[in-house]
Structure formats: C-alpha cells, structure tokens
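[1] Can you look at this prediction? I've put the sequence above it.
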Amino acid sequence: MEQQTWTATVVEHHRLRKDLAVVRLIGEPVPFRAGQYVDVTVPQFPNLPRRLSPALPPSLDGKLEFHVRTVPGGWVSRHIVENTTPGDRWQISSPRGELAVDENGPTVVMVAGGTGLAPLRSIILDLTQVPNPPQVYLFVGGRTVQDLYASDMLWVLTQQLPWLTTVPVVEDITGPADSDEWYDRIVAQVGPIDFHEDDLLEGTLAQVVPEHGAFVDHQVLVCGSPAMVQSTRERLIATGTPAESIRTDPV
C-alpha cells in the first residue's frame, strides 16, 4: 500500500534556545490523534524523515506545531532549529503511537521531559473541548530552570484550566544556567513569565514523580528521552503504580 503524505508550509519559526525551536505550519489536514507522532520530511533532506510529535491537536484548518531540539550528530534536527524559514514545505506522513487519555477515565498523571511536552500539550488542549475532563497533573522537567522552555505557556494554561495542575521539576534549582543568547534575548524583551521558585521541585523526574504515589487508579503518560522514560517507568512500577496503567512514548 502506498504511503499517504500531506504537505504543510512553514508560517512561523521561533528560536527559543540555542538548541530548540518551535515551528508552526499550515497545510492539508493530517488525520492524527492528539498524542500521536508523525514522520516529517524537510526539503533539504528529502530522504531523511524524522519522527516529531504535534504540539497541537488535529484541526480542520491544517494548523501544526512542532517543538524541535537538536540532537548530537543530528543534521536534520540542527537544520530545523537553525535554518528553517517561512515558506519551507514539509511532507507529513505515518501518524502513529498509542499515547492517549480516556476522557471519561480516572485522574491523569503526565510526565514530560524536554520536548516530550509536545504530545502531552496536544492532549491537554484536546481535553479543553471535553465538557468534563478528568483532573490532570502535569510534571514537566529539565536540568535547570532555563530548560523549562515552555514555562510561560504552561503558566497561562494552568491559570485558565481549573482541572490542570502543573508541577515544574528541575535537577538543580540553584545551579548556574548555561549561556544562551536566545534565552537571554527573550528575557530582555518580555521578561520571565515563570512559576515561582517555591513551586519548583528539585530532582529528576524519575525521583520526584514516584514520591507522589503509587498511582493505583490513574492514567499515567510518560514522554521524553528514552533513558528518562525507562527510569521513570521502572521507579513508578517499583513504588506501586500498575504497569498496565502506564503509557510511554520516548522522543
């Protein structure tokens, strides 16, 4: 069977960190579900598709958003972060993945490391269309406060959605952040819109999240680097969360 592809055009490219950008596109509607990932091909590397998770739920007007971080030796990811320009035409294909929430089910615990936030944000925004969504607890982690690249967006969402609680987790609260001209530029222009320091929990996600449960009657979603996903899942199971309640998606 021939693989179906859809075309989308870049309309915005926002560099948030030296190694991270948000890319927004408009094109043909792609029939994915919130929480799934797709294969993306950029024109400069037509034979090197990369797996990315939309950060917006599907829409009839064809809007897409991706959060892209460079990886060591990653030609495609580095190009997307550093050189994407409006007008670039991307090919989208192969929606897949099992990260999902039962909107009529029990309380949801989401664990997001880095750009693993993207599919979880898509699910959260999708739940805003549900009359009575379940309570959602979102743990979002980074090495330092600077790594919490979506603090402003999460702060706004948490104020607007009474069923959403966001818990920011950093490995080192007081440690110095790396020099990053893009982060400094954003702070200089608009100032920090962040969670208060008292809201921060210190440690890795694998350490902090299991301290809040066993999540015996919960829907648990974990998304991030393979190492984070594996260690968090193992610690959750070790502290009593049923393995069958955990859905994971390494990015």
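    It's in.

[2] contacts and neighbour counts: CA atoms only from here.
    Fine.

[3] Would you map the helices across this structure?
    For the chain, the helices defined by DSSP state H occupy 75-83, 117-127, 151-160, 181-190, 205-208, 226-238.

[4] Residues contacting stretch 158-173, please?
    133-145, 148, 154-155, 157, 195, 199-205, 208 (CA atoms under 8 Å, 6 or more residues apart in numbering).

[5] Stretch 48-58 now?
    So stretch 48-58 is contacted by 29-42, 63-68, 76, 117-123, 125-126, 251 (CA under 8 Å, 6+ apart).

[6] Point to the helix or strand of this protein where mean pLDDT is at its lowest.
    helix 181-190 (a mean of 79; mean pLDDT, DSSP states H and E).

[7] May I see the buried residues of that helix?
    Trp182, Tyr183 (16 or more other CA atoms under 10 Å).

[8] roughly how far out does that helix sit from the chain middle?
    Chain-centre distance of helix 181-190: 21 Å, with CA atoms, centre = their mean, to the nearest Å.

[9] follow-up on the earlier one: put the buried members of the contacts of stretch 158-173 into a ChimeraX selection.
    To isolate the buried ones among these in ChimeraX, judged by 16+ other CA under 10 Å, type:
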select :133,134,135,136,137,138,139,140,141,142,143,144,145,148,154,155,157,195,200,201,202,203,204,205,208
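
[10] Now go through the contacts of stretch 158-173 and say which are in strands.
    Val136, Tyr137, Leu138, Phe139, Val140, Gly141, Gly142, Leu201, Glu202 (DSSP state E).

[11] From those residues, pick the one nearest Ile80.
    Set against Ile80, the nearest of those by CA to CA is Gly142 (21.6 Å).

[12] Can you give me the distance of that closest one to Pro46?
    32 Å (CA to CA, to the nearest Å).

[13] Show me where the stretch 101-250 of the chain dips below the pLDDT cut-off.
    Counting by pLDDT under 70, the stretch 101-250 of the chain contains low-confidence ranges at 175-177, 190-194.

[14] Quickly run through the sheet partners of the longest strand seen in the chain, with directions.
    Secondary structure of the chain per DSSP E: the longest strand is strand 5-17. Strands that pair with strand 5-17, judged by DSSP bridges, come out as strand 20-27 (antiparallel), strand 89-96 (antiparallel).

[15] can these go into CSV with extra columns for mean pLDDT and mean neighbour count?
    CSV is the format used below for those (pLDDT from 0 to 100; neighbours: other CA atoms under 10 Å):
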stretch, mean pLDDT, mean neighbour count
strand 20-27, 97, 21
strand 89-96, 96, 19
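
[16] Including distance to Gly224, could those go into CSV?
    Formatted as CSV, the strands paired with strand 5-17 follow (distance: least, CA to CA, whole Å):
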stretch, distance to Gly224
strand 20-27, 15
strand 89-96, 17
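
[17] Let me know which of these is the nearest to Gln219.
    strand 89-96 (19.6 Å).

[18] what sits up against that closest one?
    Counting by CA under 8 Å, 6+ apart, 3-10, 30-33, 36-43 sit against strand 89-96.

[19] Kindly recompute the last result at 6 Å.
    Residues outside strand 89-96 that contact it (CA atoms under 6 Å, 6 or more residues apart in numbering): 5-9, 32, 36-42.

[20] Report the buried members of those residues.
    Applying 16+ other CA under 10 Å to these flags 5-9, 32, 36-42 as buried.

[21] closest to Glu103 among those residues?
    Once CA to CA is applied, the member of those that ends up nearest Glu103 is Gln36, at 15.9 Å.

[22] Disregarding residues adjacent in the polypeptide, which is nearest to that closest one?
    Leaving aside its chain neighbours, Gln36 sits nearest to Gly97 (4.8 Å; criterion: CA to CA, 6 or more residues apart in numbering).
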